[in-house]
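Colleague: here are the coordinates; sequence isn't available:
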């Protein structure tokens, strides 16, 4: 991942898998997260599929959830292809789909979906360019970054966004700007975004002026 300042991979060390999250895929391009909480229709205790894999999909046995875990969760992250499925509290589901694209070489992606019934499936992320573009940058050990490149937006990314936060578990700061989804503008502080071997805690997120069509002058 390109960044301003120290970009050593050792700066970003992954935490152990969350016992109740399903983490997934990541490709070397720009950024994403999604959750779809639904009304609870199943009775307690809930049973969810639990698995971990190094690909975009995984399958495993059903596991009975803890009393305070009222959702099955699926999270797929983009960079190093991996998957983890399990139980979760509805408060861990987040809201909507979060995504940022920084440049063609650096892509962080994560999609999260919750449901209150046995079994959750994960759809692949959409990486098709949509014709929009935004100023972009990503930097470690800082809360801001100055755009030095231009990101070509993909999939549901229709806004230019800026985010900052902490890389877990080291606690290092990071900042990024690029293309993002509408829900990225309203990401709440404390939202966790797993992405490949990294886990990001979002502290601040907001939308910038609307992106321009690719090929047009600034």
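Modeller: Looks like it arrived, so ask away. Keep in mind that this is a model prediction, so the values were computed, not measured.

Colleague: and residue 187, how far from residue 201?
Modeller: Between residue 187 and residue 201 the distance is 11 Å, computed by Cβ to Cβ, to the nearest Å. For the C-beta atoms, the positions are set from N, CA and C on the backbone; glycine is no exception.

Colleague: so between the two, which is more surrounded?
Modeller: Neighbours per residue (other Cβ atoms under 10 Å) separate residue 187 from residue 201, with residue 187 holding more: 24 against 15.

Colleague: surely the more buried one touches residue 163?
Modeller: Yes - taking contacts as Cβ atoms under 8 Å, residue 187 lies within contact range of residue 163: 7.2 Å.

Colleague: list residues touching both of these two?
Modeller: 202, 205 (Cβ atoms under 8 Å, 6 or more residues apart in numbering).

Colleague: quick one: least confident helix or strand in this structure?
Modeller: Lowest on mean pLDDT, DSSP states H and E among the helices and strands of the chain sits strand 33-35, with a mean of 31.

Colleague: what's the first helix or strand after that strand?
Modeller: Following strand 33-35 in sequence order, the next helix or strand is strand 47-49 (DSSP states H and E).

Colleague: what mean pLDDT does that next one have?
Modeller: Here strand 47-49 scores 86 as its mean pLDDT.

Colleague: mind listing what's buried in the strand ranked longest in the chain?
Modeller: Counting by DSSP state E, the longest strand found in the chain is strand 129-140. Neighbour-count burial for strand 129-140, with 16 or more other Cβ atoms under 10 Å as criterion, is recorded at 130, 132-140.
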